[in-house]
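Q: For reference, the sequence and a predicted model appear below.
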Amino acid sequence: MRANLSQREPEYLKFWYDIDLYEQLKKKNKGKPSFILHDGPPYANANIHIGTATNKILKDFIVKYKWQRGYFAPYVPGYDTHGLPIELKVLKEMGIDRDNISPVELRERCTEYAKKFAGVQTEQFKRLGVIGDWDHPYMTLVPAYEATQLEGFAKMVDKNLVYKGRKAIHWCIDCETALAAAEIEYSDEVSPSIYVAYTYKDAAKIFPQLEGKDVDIIIWTTTPW
């Protein structure tokens, strides 16, 4: 694109939406081999950042390439509206503790917050030129979506793929809930460590060239006990 990119680019984007480019692509390639990109949704808890932008742009490269290669490549974006990130944002914004609000009201506030930022992120992704069904994104808080997940889980139960067991998990004492590995923050800590030399007996039996030499194997550990 030539100069004045910041002025010209919005004009191109407006043209895409004026002609309903996404629907035109669907009509043009309907009936052709399908390419479906299942989009792992971002959290709808804030403005997009460089990570979410890069993720969405790279996916957009692939989908647009498939459209141009003649595939039917519908792209349905989505938003993750569950989990701690949204709940913590809402509590911080309200300036209250979890114990000072009923679970029902907290869920209602979280729903409002998630829908708000799903709309904000939609406009931001559209501004990046990402083409998709932005009028009908999927959201994990929609009852129909939740019902579909329950149906999928029920099928797994029917196939004996679900079992009850024990597993060590990360637990947040403050939030009183389990944490995913991605939610854990690690702090650097200085720990003692030692090098230990273990005498390698009969080393020459395996390595003849070591005949007559004292051989030690060195190990390093942060758990000397």
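A: The structure has been received and is ready for your questions. Numbering: from 1, shown residues only.
Q: Got the phi and psi for G129?
A: phi 90, psi 10 (degrees, to the nearest 10).
Q: Count the neighbours of the residue nearest to it when sequence neighbours are not counted for me.
A: Leaving aside its chain neighbours, G129 sits nearest to L13 (6.2 Å; criterion: CB to CB, 6 or more residues apart in numbering). Just so you know, the C-beta spots here come from the backbone N, C-alpha and C atoms, and that holds for glycine as well. Applying other CB atoms under 10 Å, we find 16 residues neighbouring L13.
Q: Quick one: residues contacting L13.
A: K126, R127, G129 (CB atoms under 8 Å, 6 or more residues apart in numbering).
Q: Mark which of the residues you listed are buried, thanks.
A: Among these, those scoring as buried are K126 (criterion: 16 or more other CB atoms under 10 Å).
Q: can you put the contacts of L13 in TSV and add distance to I218?
A: Output for the contacts of L13, formatted as TSV (distance: CB to CB, whole Å):
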residue	distance to I218
K126	58
R127	57
G129	56
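Q: from the contacts of L13, which is closest to K164?
A: Taking CB to CB as the measure, K164 sits nearest to K126 out of the contacts of L13, at 44.4 Å.
Q: Buried residues in whatever helix or strand that closest one lives in, which are they?
A: According to DSSP states H and E, K126 maps onto helix 103-127. In terms of neighbour count (16+ other CB under 10 Å), helix 103-127 has its buried residues at L106, R109, C110, Y113, A114, F117, A118, Q121, T122, Q124, F125, K126.
Q: starting at the chain centroid, how far to it?
A: A distance of 17 Å separates the centroid of the chain from that of helix 103-127, by CA atoms, centre = their mean, to the nearest Å.
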